[in-house]
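Engineer: Predicted model, plus sequence, below.
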Amino acid sequence: DVTVINSRLTGALGKFGDGVYLENTARAKVAFNTINDFTRVGIVAEGSGGGKSSAILAQGNNIYNGHDSETTEFNSGVWFENTSSGRILGNTVDDISGGAQANNSRGITVASGGAAGSVFDVADNQVSGAMHGMVIAPNSTDTVHVSNFTVSRGSVANYSSGITVRSGQTVTINNCTFTSTTYADGGSGSIVIDSDSAIVNLTISNCTLGTITHVTDSADVNIFSLIGGALTHLDLSSLHGWKIIMRAAPTNVRITNSDLLYAGTSAYSALRASSVLSMAGGSFAASVAGTFSIGGSNAAYYFFTGVLFNGVNVALFHAGATAHRLFFQNATFLALSGFTVDGRFDLEFNNCRIDEYAAAGFLNGNFSAVAWNLRVRGTRFTHTDAAVIPFTLWNSHPTTFLIQDVDHTATSFTNLNPLSTGATLHVSRSGGNMFLERGLSFSNDIAVNFTDLGTSSNGHVVFCGNCTIANPCAGGGTGAFAKRLNSIWVCN
């Protein structure tokens with residue numbers, strides 16, 4: 001039990017010039033001190049010789065002017081390593097300029113080496129003037145909770161990230177503020193995920209941004225690399241105006257109540273997962289010219305419920321042999337500059353609203369000559385130019401094409417055609433004619449019987465498997481198209 005409190009500590013110089021150094025120490029408290037002019041770290045907790053520090057508290061300290069770190073060492077305000085659990089609360093860190101390791105100066109660092117299952121609470125801290133505001137790199141079995149953290153560029157010239165996450169069992173980042181700055185390279189951003197080992201659960205919620213300028217594919221949520229270990233669960237919640245790039249795919253992604261922006265080019269996906277990605281509520285829009293890409297090489301399920309896509313150029317990309325499955329439920333698409341498919345997809349739109357899409361159509365077929373499926377139900381397409389067809393052919397027709405209860409304002413709805421049987425057509429239109437380039441195939445497994453025709457509204461067309469050609473329709477035949485005209489089923 002060591003306490004360092006209400007002291008002024010200055011002039012710790014040399015390769016290991018630390019303001020307060022704790023080694024193999026338990027239950028130490030370093031609080032309400034002023035620590036400045038040091039050449040390594042303001043407050044260090046670590047272990048040696050197989051020992052560890054534990055239950056360390058760093059609270060209310062004013063730490064500034066860390067400078068001129070020597071080779072192999074870093075400048076940092078607070079550094080916990082080989083430490084089993086600890087708290088970093090209410091500290092102010094400023095002007096951590098670096099030296100020989102100036103490309104990696106850090107405001108706060110939580111590193112690995114403590115007992116498995118350690119818990120670190122990092123709350124109410126402010127960092128300014130370090131290349132990385134905070135680096136989270138504990139054991140892959142540890143938990144780190146970050147809250148009420150404010151980070152700003154300050155006077156440092158090579159500012160790279162507000163928070164960098166490298167590992168952890170559970171990492172939560174909540175109610176943090178990232179002030180106005182410019183990020184200058186692709187590895188930078190407000191929160192950068194660049195794994196050294198596994199990150200099991202990462203939650204980012206209720207965080208706010210100043211005026212952030214991004215260049216060269218930086219982002220506010222920037223999944224830069226997962227080479228060191230997988231990111232199993234990523235949860236983004238209540239993030240508004242955040243720009244996102246995923247160079248690598250987490251296993252599962254959940255996004256709720258967030259208004260996201262695509263920040264990069266078509267070289268990197270905005271959203272991807274190797275298993276399941278879901279987005280509920282909120283919106284997606286483009287912050288720069290380019291293509292907002294969904295998907296990757298892994299077959300996965302993507303669910304978008306109640307999401308607004310506004311003015312983006314959407315590209316679905318999948319290089320794998322097994323199809324991605326994408327579901328858009330109650331989604332709205334406004335002023336899209338494009339929506340293209342490249343690869344194997346099961347693509348479904350349910351109860352969506354699609355307005356003012358590109359002149360080439362809302363969905364421009366498939367750039368790859370591979371099997372893909374398309375289902376559209378309960379969806380309305382509107383465009384000021386009635387000659388613009390919502391679904392148009394680029395390279396390959398869908399294998400299965402289902403259209404049910406669709407409204408559109410175009411003179412023709414599509415020139416796509418399924419390449420195999422199994423498609424159904426059930427269209428209600430607000431104007432124009434239905435046009436299919438090469439006809440539409442029906443098979444008996446989707447046919448209805450004469451007795452099941454019922455009293456559908458005028459304009460419906462179905463395949464009746466046991467109807468005979470007659471006006472009106474009659475049973476006992478080998479099959480005919482049944483058209484509902486003037487409240488009568490006509491088969492011919």
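Structural biologist: Nice, I can see it. Bear in mind that the values here come from a model prediction, so they are computed numbers and not experimental data.
Engineer: Was I right to think residue 357 contacts residue 339?
Structural biologist: Yes - using CB atoms under 8 Å, residue 357 is in contact with residue 339, at 7.0 Å. For the C-beta atoms, the positions are set from N, CA and C on the backbone; glycine is no exception.
Engineer: overlap in contacts of those two?
Structural biologist: Shared contacts of residue 357 and residue 339 (CB atoms under 8 Å, 6 or more residues apart in numbering): residue 333.
Engineer: What residues are bridge-paired with residue 201?
Structural biologist: Beta bridges link residue 201 to residue 170, residue 233, judged by DSSP bridges.
Engineer: quick one: the strands in the stretch 301-450 of the chain?
Structural biologist: For the stretch 301-450 of the chain, the strands defined by DSSP state E, counting those that start in this stretch cover 301-305, 308-310, 313-318, 324-329, 332-334, 338-343, 345-350, 353-355, 373-377, 380-382, 400-404, 407-408, 425-426.
Engineer: State the number of residues packed around residue 166.
Structural biologist: As a burial measure, residue 166 scores 23 neighbours (other CB atoms under 10 Å).
Engineer: I meant residue 43, not that one.
Structural biologist: Residue 43 has 29 neighbours, counted by other CB under 10 Å.
Engineer: element containing it?
Structural biologist: Using DSSP states H and E, residue 43 maps to strand 41-46.
Engineer: Adjacent strands (with direction) for that strand?
Structural biologist: In the sheet, strand 41-46 lines up with strand 20-23 (parallel), strand 76-80 (parallel) (DSSP bridges).
Engineer: Now it - C-alpha only, PDB.
Structural biologist: Taking C-alpha atoms only, strand 41-46 is exported to PDB below (Å, rounded to 0.1, in the frame of the first residue of the first chain):
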ATOM      1  CA  VAL A  41       6.100   8.300 -18.400                       C
ATOM      2  CA  GLY A  42       4.200  10.400 -15.900                       C
ATOM      3  CA  ILE A  43       2.800   7.500 -13.900                       C
ATOM      4  CA  VAL A  44       3.900   3.900 -14.500                       C
ATOM      5  CA  ALA A  45       2.500   0.700 -12.900                       C
ATOM      6  CA  GLU A  46       4.200  -2.600 -14.000                       C
END
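Engineer: can you list contacts of that strand?
Structural biologist: With contacts defined as CB under 8 Å, 6+ apart, strand 41-46 is touched by 18-23, 25, 28, 30, 35, 53, 56, 58, 61, 63, 66, 74-83, 86, 93, 113.
Engineer: Buried ones only from these, please, as a PyMOL command.
Structural biologist: To isolate the buried members of those in PyMOL, using 16 or more other CB atoms under 10 Å:
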select buried, resi 18+19+20+21+22+25+28+30+35+53+56+58+61+63+66+74+75+76+77+78+79+80+81+82+83+86+93+113
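Engineer: Only the buried residues of stretch 169-186, if you could.
Structural biologist: Within stretch 169-186, the residues scored as buried using 16+ other CB under 10 Å are 169-174, 176-179, 181, 183, 186.
Engineer: For stretch 224-242, could you pull out the residues that count as buried?
Structural biologist: Residues 224, 226, 229-239, 242 are the ones in stretch 224-242 that count as buried (16+ other CB under 10 Å).
Engineer: Looking at the residues you listed, which are in helices?
Structural biologist: Judged by DSSP state H, helices contain none of the buried residues of stretch 224-242.
Engineer: Quick check: the farthest pair among these?
Structural biologist: Within the buried residues of stretch 224-242, 229 and 238 form the most distant pair, 26.8 Å apart (CB to CB).
Engineer: since we're on residue 449, how many residues are nearby?
Structural biologist: 11.
Engineer: show me the contacts for it.
Structural biologist: Residue 449 is in contact with 464-466, 475, counting by CB under 8 Å, 6+ apart.
Engineer: Give me the buried subset of these.
Structural biologist: The neighbour count (16+ other CB under 10 Å) marks 464-466 as buried among these.
Engineer: Save those as TSV, and put in pLDDT and secondary structure too.
Structural biologist: TSV is the format used below for those (pLDDT from 0 to 100; DSSP: H, G, I helix; E, B strand; the rest coil):
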residue	pLDDT	secondary structure
464	86	strand
465	86	coil
466	91	coil
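Engineer: quick one: which of those residues is nearest residue 387?
Structural biologist: The closest of these, once distances to residue 387 are taken by CB to CB, is residue 464, at 33.6 Å.
Engineer: Let me see the contact set for the closest one.
Structural biologist: 447-450, 453, 473, 479-482, 489, 491.
Engineer: quick one on the thing from earlier: can you state the direction angle for the very next helix or strand once past the strand holding residue 43 and strand 76-80?
Structural biologist: Following strand 41-46 in sequence order, the next helix or strand is strand 53-59 (DSSP H and E). Strand 53-59 and strand 76-80 are oriented at 150 degrees to each other (axes from the mean of the first three to the mean of the last three CA atoms, to 10 degrees).
Engineer: Report all helices and strands that strand 53-59 contacts.
Structural biologist: On a contact count with 3 or more CB pairs under 8 Å, 6 or more residues apart in numbering; DSSP states H and E, strand 53-59 meets strand 20-23, strand 29-31, strand 41-46, strand 76-80, strand 83-89.
Engineer: closest to residue 109 out of those strands?
Structural biologist: Nearest to residue 109 among the helices and strands packed on strand 53-59 is strand 76-80; the distance by CB to CB comes to 4.5 Å.
Engineer: just to revisit the earlier point, and the helices and strands packed on strand 53-59 as CSV, adding mean pLDDT?
Structural biologist: Shown next, in CSV, are these (pLDDT from 0 to 100):
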stretch, mean pLDDT
strand 20-23, 97
strand 29-31, 98
strand 41-46, 97
strand 76-80, 97
strand 83-89, 97
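Engineer: bridging residues for residue 208?
Structural biologist: Counting by DSSP bridges, residue 208 forms beta bridges with residue 177.
Engineer: what's the answer for residue 163, then?
Structural biologist: Beta-bridge partners of residue 163, counted by DSSP bridges, are residue 134, residue 191.
Engineer: do residue 464 as well
Structural biologist: residue 448, residue 480.
Engineer: Over to residue 348?
Structural biologist: Applying DSSP bridges, one finds that residue 348 bridges with residue 327, residue 375.
Engineer: hang on, isn't residue 383 packed against residue 410?
Structural biologist: Yes - shown here, residue 383 and residue 410 form a contact pair, counting by CB under 8 Å, at 6.4 Å.
Engineer: Find the residues that touch each one of these two.
Structural biologist: Joint contacts of residue 383 and residue 410 (CB under 8 Å, 6+ apart) are residue 390.
Engineer: okay, these two: which has more neighbours?
Structural biologist: Taking neighbours as other CB under 10 Å, residue 383 and residue 410 compare with residue 410 leading, 25 against 20.
Engineer: what's the burial count for residue 454?
Structural biologist: 10.
Engineer: With residue 171 as the reference, measure out to it.
Structural biologist: Look at residue 454 and residue 171: by CB to CB, to the nearest Å, they are 56 Å apart.
Engineer: residue contacts, residue 112?
Structural biologist: With CB under 8 Å, 6+ apart, residue 112 has these contacts: 81-82, 137-139, 142, 167, 197.
Engineer: same for the helix or strand hosting residue 221, what does it pack against?
Structural biologist: In this assignment (DSSP H and E), residue 221 forms part of strand 219-225. Applying 3+ CB pairs under 8 Å, 6+ apart, one finds that strand 219-225 contacts strand 189-194, strand 231-237, strand 240-246.
Engineer: elements contacting the last one?
Structural biologist: Applying 3+ CB pairs under 8 Å, 6+ apart, one finds that strand 240-246 makes contact with strand 208-209, strand 219-225, strand 259-262.
Engineer: No more questions from me, cheers.
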